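Asks: Just the structure for this:
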Amino acid sequence: MKVSTKGRYALRIMVDLAMHNSGQLVPLKDIAARQEITLKYMEQIISPLSKAGFVTSLRGSNGGYRLSRKPADYTCGEILRVVEGPLVPTTCLEGDLAVNCPRADECPTLPFWKGLNRVINDYVDSVTLEDLVNQQMATFDYVI
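Replies: A predicted model of the protein is given here:
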């Protein structure tokens, strides 16, 4: 399984919104500048996040985006699935196993793929957006 740039950028966008979560709308151009992502590509990524209800938006000169929930209420897994689809290591695990793989009953590697799938999904579902923000904040070196 390989996470595309859409998935990686979606997490960065959501972390950026969480770090600038003052209740005010954050213009997409500001996120694009901070994250060094083109505005056009960001629009493609933010659209499914908005449709999924992960962010709220307002169009216009005072428009922008903000998180719909608290950062602790998002998992990395759910964010990735919105833009990437199922996070499966092999196509035979997508949807109905009996339909996708006629050899499922006799496949010697199926238990391995199922185990890997479980580990991947358990991990991405155990890390919250708040965890990523806290990790990012811990990397800042504050000097007074």
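Asks: From now on I want contacts and neighbour counts done on CA atoms only, so please keep to that.
Replies: Noted.
Asks: Which elements pack onto the helix or strand containing Leu80?
Replies: Using DSSP states H and E, Leu80 maps to helix 76-84. Packing partners of helix 76-84 (3 or more Cα pairs under 8 Å, 6 or more residues apart in numbering; DSSP states H and E): helix 5-19, helix 39-51, helix 110-124.
Asks: and the angle for the first helix or strand past the first one going along the chain with helix 39-51?
Replies: Using DSSP H and E, the helix or strand that follows helix 5-19 towards the C-terminus is helix 28-35. Using axes from the mean of the first three to the mean of the last three Cα atoms, to 10 degrees, the interaxial angle of helix 28-35 with respect to helix 39-51 works out to 110 degrees.
Asks: what about dumping the CA coordinates of helix 28-35 to PDB?
Replies: Taking Å, rounded to 0.1, in the frame of the first residue of the first chain, the C-alpha atoms of helix 28-35 are listed here in PDB:
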ATOM      1  CA  LEU A  28      -7.000  28.200   1.400                       C
ATOM      2  CA  LYS A  29      -4.300  30.400  -0.100                       C
ATOM      3  CA  ASP A  30      -2.800  30.800   3.400                       C
ATOM      4  CA  ILE A  31      -2.600  27.000   3.900                       C
ATOM      5  CA  ALA A  32      -1.200  26.600   0.400                       C
ATOM      6  CA  ALA A  33       1.600  29.100   1.200                       C
ATOM      7  CA  ARG A  34       2.500  27.500   4.500                       C
ATOM      8  CA  GLN A  35       2.300  24.000   3.100                       C
END
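Asks: List the contacts of that helix.
Replies: The contact list for helix 28-35 (Cα atoms under 8 Å, 6 or more residues apart in numbering) reads Arg12, Ile13, Asp16, Leu17, Thr38, Leu39, Met42, Gly64, Tyr65.
Asks: just to revisit the earlier point, looking at the helices and strands packed on helix 76-84, which is buried most?
Replies: helix 5-19 (a mean of 19; mean count of other Cα atoms under 10 Å).
Asks: Packing partners of that helix?
Replies: Applying 3+ Cα pairs under 8 Å, 6+ apart, we find helix 5-19 packed against helix 28-35, helix 39-51, strand 64-67, helix 76-84, helix 129-139.
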